[in-house]
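Student: output the structure for:
(one chain, ligands or ions: 3)
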Amino acid sequence: MSPKGLLLVNLGTPDAPETGAVRRYLREFLSDRRVLDIHPVGAWLLLNAVILPFRSPKSAHAYRAVWTEQGSPLMVHSRALTAGVARQLEGEYVVELAMRYGNPSLPDAVARLRARGVSDFTVLPLYPQEAPSSSGSSLARTYEVLGSSWDVPNVRAVPAFHDHPGFLDAFAEVARPVISEARADYVLFSFHGVPERHVRKTDTSGSHCLASAGCCDALTDANRHCYRAQCYATARGLAARLGLAPEGWSVSFQSRLGRTPWVSPYTDFVLPELAAKGVKRLAVMCPSFVADCLETVEEIGIRAKEQFLASGGESLTLVPSLNGHPSWVDTVVRLVRESSPAISSPAAATAPEARAPRG
Ligand SMILES: C=CC1=C(C)c2cc3[nH]c(cc4nc(cc5[nH]c(cc1n2)c(C)c5CCC(=O)O)C(CCC(=O)O)=C4C)c(C)c3C=C
Ligand SMILES: [Fe+2]
Ligand SMILES: [Fe+2]
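Tutor: Ligands and ions are numbered 1, 2, ... in the order given. Purely as a prediction, here's the structure:
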């Protein structure tokens with residue numbers, strides 16, 4: 001029997017912390033119509049005349065602050081996760097890491113799996129909450145790559161795991177000792193933001209998302225696929241596991257790009273508000289990222305910390321992400337197995353009507 005293939009897909013990162021490499025990465029990333037969803041001519045002009053010339057050197061400088069001897073944090077942690085998952089799934093799945101942008105590219109990862117005889121694919125976008133610009137784009141590109149061959153394989157997608165107990169338990173396990181050691185008096189859950197228009201575009205009810213202050217307070221049929229509502233669901237699940245009092249935590253959104261409104265409240269607005277309210281020792285969790293990356297280590301661990309201290313706070317502790325933590329590896333294995341239940345016996349593999357006693 002040919003082996004099953006598992007593709008773990010993350011966002012991607014530049015090959016080097018240098019302006020040229022960052023420019024190449026940003027060009028591919030921001031040319032994605034699910035990321036920059038404006039008129040193609042406007043997008044081309046904005047990208048080439050404004051974003052690439054100004055942002056590439058600035059971002060390269062930021063990447064240099066977090067780059068390790070093994071490479072970009074996102075890559076290092078994604079590889080550690082992949083190795084752990086591959087070890088546990090040996091004999092069941094062949095596992096490859098793919099990046100939506102940059103390397104290892106999706107077409108290359110798919111080609112490696114194909115070369116091993118894989119014709120049954122499972123794809124797991126490494127984003128807890130679903131957004132068109134993250135998991136949506138990863139899935140669309142995977143389908144495009146797999147669908148471009150003559151013999152189109154079976155493909156199964158692991159759904160977003162924003163409220164999966166394994167994900168929440170693993171993140172709480174990582175956070176508990178860090179929050180305790182930091183003697184934090186408040187926990188901020190800072191998620192990657194998205195433009196408000198993206199949330200409205202995915203509003204299947206047509207009238208729920210961002211229509212009222214409390215529209216993300218519970219997951220309902222109307223907002224089940226709303227990125228912001230899924231972020232709040234994650235935060236509630238973590239706050240409950242960490243035993244946080246209602247006045248001891250809140251949610252914010254980071255990493256805005258451009259001038260259009262993004263989902264709020266914004267992390268860089270919330271930080272001085274918390275300091276003004278008397279929060280002294282702040283812990284920040286970033287549960288839209290399963291691997292530490294530029295947006296956690298630099299944006300929160302360096303810049304947000306400076307901002308909070310300058311606003312009167314005493315300390316800001318970044319809670320590390322799941323990275324290659326054993327409980328997270330176990331959860332990914334569980335997510336994969338749950339998406340494709342094993343057939344345990346020939347009887348279970350038989351259709352129920354075929355098994356019905358003959359009369
Ligand atoms: C958590 C999921 C992510 C969503 C949703 C997302 C949307 C989104 N991002 C940008 C613009 C940028 N993001 C950048 C970095 C970055 N973004 C994510 C994840 C999500 N993005 C990650 C994991 C990273 C870190 C990558 C790394 O190498 O460590 C960047 C590049 C860095 C920079 O210049 O600041 C940009 C640009 C948009 C516009 C968007 C939704 C429309
Ligand atoms: Fe919503
Ligand atoms: Fe991003």
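Student: all contacts plus neighbour counts: C-alpha atoms, from now on.
Tutor: OK.
Student: give me the residue from the protein nearest ligand 2.
Tutor: For the chain, the nearest residue to ligand 2 under the criterion Cα to the ion is residue 209, separated by 3.3 Å.
Student: how about that residue, secondary structure?
Tutor: coil (DSSP: H, G, I helix; E, B strand; the rest coil).
Student: residue contacts, it?
Tutor: Applying Cα atoms under 8 Å, 6 or more residues apart in numbering to residue 209 gives the contacts 199, 200, 203, 215, 216, 223, 226.
Student: run through who's touching the helix or strand containing residue 42.
Tutor: In the assignment (DSSP states H and E), residue 42 maps to helix 40-45. Contacting residues not belonging to helix 40-45 are listed as 31, 36, 37 [Cα under 8 Å, 6+ apart].
Student: on that earlier part again, can you tell me how far the residue of the chain closest to ligand 2 is from residue 220?
Tutor: Distance, residue 209 to residue 220, by Cα to Cα, to the nearest Å: 11 Å.
Student: what's the answer for residue 24, then?
Tutor: According to Cα to Cα, residue 24 and residue 220 sit 40 Å apart.
Student: cool, and residue 184?
Tutor: According to Cα to Cα, residue 184 and residue 220 sit 32 Å apart.
Student: circling back: could you pull up the mean pLDDT of the helix holding residue 42?
Tutor: Throughout helix 40-45, pLDDT has a mean value of 92.
Student: domain boundaries for the protein, per the record?
Tutor: With domains defined by automatic domain parsing, the chain comprises 4-17+67-160+326-339, 165-318.
Student: now the ones you listed in JSON lines, with mean pLDDT?
Tutor: Formatted as JSON lines, the domains of the chain follow (pLDDT from 0 to 100):
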{"stretch": "domain 4-17+67-160+326-339", "mean pLDDT": "97"}
{"stretch": "domain 165-318", "mean pLDDT": "96"}
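Student: what's the closest of those domains to residue 51?
Tutor: domain 165-318 (9.2 Å; Cα to Cα).
Student: now do the buried residues in stretch 303-323.
Tutor: Residues of stretch 303-323 classed as buried by neighbour count (16 or more other Cα atoms under 10 Å): 304-305, 307-309, 313, 315-323.
Student: wait, does it contact ligand 1?
Tutor: No. Using Cα under 6 Å from any ligand atom, stretch 303-323 stays clear of ligand 1, coming no nearer than 11.2 Å.
Student: which of the helices or strands spans the most centrally placed residue in the chain?
Tutor: In the chain, the residue lying closest to the centroid (Cα atoms, centre = their mean) is residue 127, at 2.7 Å. In the assignment (DSSP H and E), residue 127 maps to no helix and no strand.
Student: quick one, phi psi at it?
Tutor: Here is the backbone geometry of residue 127 (degrees, to the nearest 10): phi -130, psi 120.
Student: all strands of this protein, in order?
Tutor: For the chain, the strands defined by DSSP state E cover 4-10, 93-99, 120-125, 154-157, 186-192, 249-254, 281-285, 315-318.
Student: sorry, back to before: neighbour-wise, which of residue 184 and residue 220 wins?
Tutor: The residue with more neighbours, out of residue 184 and residue 220, is residue 184; 19 against 12, by other Cα atoms under 10 Å.
Student: skipping adjacent residues, who's closest to the more buried one in space?
Tutor: residue 281 (4.7 Å; Cα to Cα, 6 or more residues apart in numbering).
Student: residue 176 too?
Tutor: The spatial neighbour of residue 176 that comes closest, neighbours along the chain excluded (Cα to Cα, 6+ apart), is residue 242 at 6.7 Å.
Student: ok, the one you found to residue 249 distance?
Tutor: As judged by Cα to Cα, residue 242 and residue 249 stand 10 Å apart.
Student: got it, and residue 317?
Tutor: Per Cα to Cα, residue 317 is found 14 Å from residue 249.
Student: beta partners of the nearest residue to residue 179 once chain neighbours are set aside?
Tutor: Ranked by Cα to Cα, 6+ apart and with sequence neighbours excluded, the top spatial neighbour of residue 179 is residue 283, at 6.2 Å. Applying DSSP bridges to residue 283 gives these bridge partners: residue 187, residue 317.
Student: what is the burial count for residue 283?
Tutor: Residue 283, neighbours per other Cα under 10 Å, totals 23.
Student: surely it touches residue 184?
Tutor: Yes. Checked against Cα atoms under 8 Å, the pair residue 283 and residue 184 is within contact range at 5.7 Å.
Student: counting neighbours, what do you get for residue 298?
Tutor: Neighbours of residue 298 using other Cα under 10 Å come to 18.
Student: then the one 3 residues further on?
Tutor: Using other Cα under 10 Å, residue 301 is surrounded by 19 other residues.
Student: can you give me the end-to-end span of stretch 36-56?
Tutor: In stretch 36-56, first residue to last residue: 16 Å (Cα to Cα).
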